[in-house]
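J.: Take a look and give me a structure for this.
(one chain, ligands or ions: 2)
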Amino acid sequence: MGETLRCEVAVIGAGTAGLAAERAARANGASTLLIDPAFSGTTCATVGCMPSKLLIAAARRAHAVRTAGPFGIEVGGIAIDGPAVLQRVRDERDRFARLTRQSFEDLPPGIAIKACARFTAPGRLALDDGREVEADRVVIATGSSPVLPPAFAALGESVRTSDTIFEMDDLPRRLAVVGSGAIGLELAQAFAHLGVETTLFDRAEHMGGLRCARVHERLHAIIAKDLDLRLGVEVTPHAEDDGARIEWSGGQGDVGEAHFDLVLAALGRSPQLGDLDLDAAGIAYDEKGIPLHDRRTMRCGDSAVFLAGDFAADLPLLHEASHDGAIAGRNAAAFPAPVAAERHVPFSMIFTEPTVATIGAAQGEGAVTGTTDFDDQGRARVEGRNAGLLTLHAAAPDGRLIGADMVAPAGEHLAHMLAWAIQQGRTASELLSMPFYHPTIEEGLKNALRTICQATPIDLPQDQDAGTPPGA
Ligand SMILES: Cc1cc2nc3c(=O)[nH]c(=O)nc-3n(C[C@H](O)[C@H](O)[C@H](O)COP(=O)(O)OP(=O)(O)OC[C@H]3O[C@@H](n4cnc5c(N)ncnc54)[C@H](O)[C@@H]3O)c2cc1C
Ligand SMILES: NC(=O)c1ccc[n+]([C@@H]2O[C@H](COP(=O)([O-])OP(=O)(O)OC[C@H]3O[C@@H](n4cnc5c(N)ncnc54)[C@H](O)[C@@H]3O)[C@@H](O)[C@H]2O)c1
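T.: Numbering: from 1, shown residues only. Ligands and ions are numbered 1, 2, ... in the order given. Below is the predicted model:
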């Protein structure tokens, strides 16, 4: 029998969510243990947010240079040095991962336990090094991993997921990206802008979780200019000596096959259940194995188990993982009197050019929708980034903003502004009372806001000008 470690709060998984949970539990006075088999860095730093944004940054440079012609700037002989692009991605990524690992070293002695955990009973964990943990409360924060169905796994060396794509030595010549969610869209466009001949497939007709059909139509037109886009198709992969052959067929008569050097499977992520053995934890879970929990407390039923991060499969995003962790950690420490937290407005972005974002509620019954078209918006046109559409949804009768869908230039800034306004319960009229600098992309929002004002009894504030300066 190995050693038994005891604590008030044990956190399983040292990713963004687990680190936040341990920090919060300790700050609230609990004795803690943080258990992870690797302590190699978070998904965000090692294979997620940061390497993907680094690749996108290189792609943006390449795209900007290639599209400089209309500004009277001719750049001849553009050469993309694939190994150098990927090396910078890894070098910068490794720096972020190193900083994350340093934060493990800052943990008080004895808290980090390098092992894989599984439940043997409520409040009891077996570690794979033979030790046991007895904890009054447990936070599960084991994250998620890429889905790779057997037909794709059978491609061997010719298939990559986001876990392995950044380890390539060089860019492929022809790439198939299967899955047009956040990962597929971001990486397919980035590789295409880096000169890789790219085809993006999805069995669904809709990309990137956009809810508004008009915004999706605009996204479709933008992405289809960058790469070969095939939505609504079933894909069958076949291994070949020097890559893979993809056969596809769809309801619209889109049938074909092509050879690719590499396939990127971006088919979604599933929670890392591993051999946690949730039955032994004494908690109820759904058909996918996700424990039933309350998002405001992150507590599973009336048990002493809490969830945080991608494992909870609510909104698998970085800012939600850290918020989950803070809520779960505090409540695990405060047990048995959990505090219900206000959750952020649901808010997700996809870092394509232009940016895709969905915020809050979709266009629904009773909602008033205003639109901003960026195809001819002043500042967007000045910058040669005039492509995109934004729909802004407000509740009747007061024009309180409730949600937005967009594919928009400077979308990451617009999306933040709107997410904050929506979370604060602001009305269209209140936003129009704020200063809008000229000429900016933000100014474009006025169109959508004014439409909402006109459709509600609370019209444009009387002390605000209703005119439009040139290029607004
Ligand atoms: C390619 C990609 C790009 C992304 N880009 C963005 C983005 O731009 N913006 C954004 O907001 N989000 C993005 N995300 C999502 C974001 O990275 C995740 O939501 C976030 O990292 C989840 O953190 P986590 O703590 O839940 O999981 P993780 O960081 O994965 O941590 C889970 C930890 O649990 C450990 N573990 C697993 N099983 C056990 C066990 N049995 N015992 C002990 N430990 C265990 C693992 O070793 C790991 O360290 C991206 C994700 C990917 C894949
Ligand atoms: N910018 C960001 O915030 C960002 C970036 C990347 C990832 N992420 C996070 O990572 C999560 C996972 O991303 P993802 O893109 O892998 O998942 P996803 O669930 O968003 O998209 C998966 C896509 O694959 C398609 N698909 C599944 N099986 C298929 C098959 N056999 N053939 C064809 N198409 C198939 C689905 O229809 C879907 O469109 C996201 O939900 C997001 O939370 C966030």
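
J.: Domain map for the chain?
T.: For the chain, automatic domain parsing gives the domain ranges 4-146+270-334, 150-268, 347-455.

J.: my guess is V235 contacts T199, does it?
T.: No - using C-beta atoms under 8 Å, V235 makes no contact with T199, being 10.0 Å away. Where you see a C-beta, it was placed from the backbone N, CA and C, and this is true even at glycine.

J.: shared neighbours of the two, which are they?
T.: I246 (C-beta atoms under 8 Å, 6 or more residues apart in numbering).

J.: Contact partners for V147?
T.: V147 sits in contact with 265, 267-270, where contact means C-beta under 8 Å, 6+ apart.

J.: so how many other residues sit close to the residue of the stretch 301-450 of the chain at minimum distance from ligand 2?
T.: Of all residues in the stretch 301-450 of the chain, P316 sits closest to ligand 2, at 3.8 Å by C-beta to the nearest ligand atom. P316 has 20 neighbours, counted by other C-beta atoms under 10 Å.

J.: Could you pick out the residues of the stretch 51-200 of the chain near ligand 2 for me?
T.: Contacts of the stretch 51-200 of the chain with ligand 2, taken as C-beta under 6 Å from any ligand atom, map to 178-184, 186.

J.: so how far is L219 from L229?
T.: If you measure L229 against L219 using C-beta to C-beta, to the nearest Å, the figure is 10 Å.

J.: Mind checking which of those two has more residues around it?
T.: Taking other C-beta under 10 Å, L229 and L219 do not tie; L219 has more neighbours (27 against 18).

J.: Tell me the helix or strand right after the strand or helix carrying that one.
T.: For L219, the host element (DSSP states H and E) is helix 213-226. Remark: after helix 213-226, the chain's next helix or strand is strand 228-231, criterion DSSP H and E.

J.: Show me which residues of whatever helix or strand comes next after that next one are buried.
T.: The first helix or strand that comes after strand 228-231 along the chain, using DSSP H and E, is strand 233-240. By 16 or more other C-beta atoms under 10 Å, the buried positions in strand 233-240 come out as 233, 235, 237.

J.: Which residues does L125 form beta bridges with?
T.: Beta-bridge partners for L125, by DSSP bridges, are F119, V133.

J.: What helices and strands are in contact with the helix holding L219?
T.: helix 182-193, strand 228-231, strand 389-395, strand 400-408 (3 or more C-beta pairs under 8 Å, 6 or more residues apart in numbering; DSSP states H and E).

J.: What's the mean pLDDT across the longest helix along the chain?
T.: Counting residues, the longest helix found in the chain (DSSP state H) is helix 82-105. In this model, helix 82-105 carries a mean pLDDT of 96.

J.: right, and the helix or strand after it?
T.: strand 112-114.

J.: quick one: strands adjacent to that next one?
T.: strand 32-36 (parallel).

J.: Sort out which residues of the strand it pairs with are buried, please.
T.: Those would be 32-36, for strand 32-36 by 16+ other C-beta under 10 Å.

J.: can you put those residues in TSV and add distance to A394?
T.: What follows is the buried residues of strand 32-36, written out as TSV (distance: C-beta to C-beta, whole Å):
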residue	distance to A394
T32	44
L33	47
L34	44
I35	46
D36	44
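
J.: Do I have it right that A21 meets H323?
T.: No - using C-beta under 8 Å as the test, A21 is too far from H323 to be in contact (10.7 Å).

J.: Who has more neighbours out of the two?
T.: A21 (38 against 20).

J.: element containing that one?
T.: helix 16-27.

J.: Other residues contacting that helix?
T.: Here helix 16-27 has contacts from 8-9, 11-12, 14, 32, 34, 36, 42-44, 103, 107-108, 111, 139, 141-143, 306, 308-311, 318, 321-330, 332-333, using C-beta under 8 Å, 6+ apart.

J.: From those residues, list the buried ones, please.
T.: 8-9, 11-12, 14, 32, 34, 36, 42-44, 107, 111, 139, 141-143, 306, 308-311, 318, 321-330, 332-333.

J.: pLDDT score for G388?
T.: pLDDT at G388 comes out at 98.

J.: phi, psi of the closest residue to it other than its chain neighbours?
T.: Excluding the flanking residues, the one nearest G388 by C-beta to C-beta, 6 or more residues apart in numbering is F374, at 3.7 Å. Backbone torsions for F374, taken as degrees, to the nearest 10, come to phi -90, psi 0.

J.: Tell me the helices and strands packed up against the longest helix of the chain.
T.: helix 43-46, helix 49-66.

J.: Switch the ones you listed over to CSV; also include mean pLDDT.
T.: CSV is the format used below for these (pLDDT from 0 to 100):
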stretch, mean pLDDT
helix 43-46, 97
helix 49-66, 97
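
J.: For L99, which of those helices is the nearest?
T.: helix 43-46 (7.5 Å; C-beta to C-beta).

J.: Sounds good, over and out.
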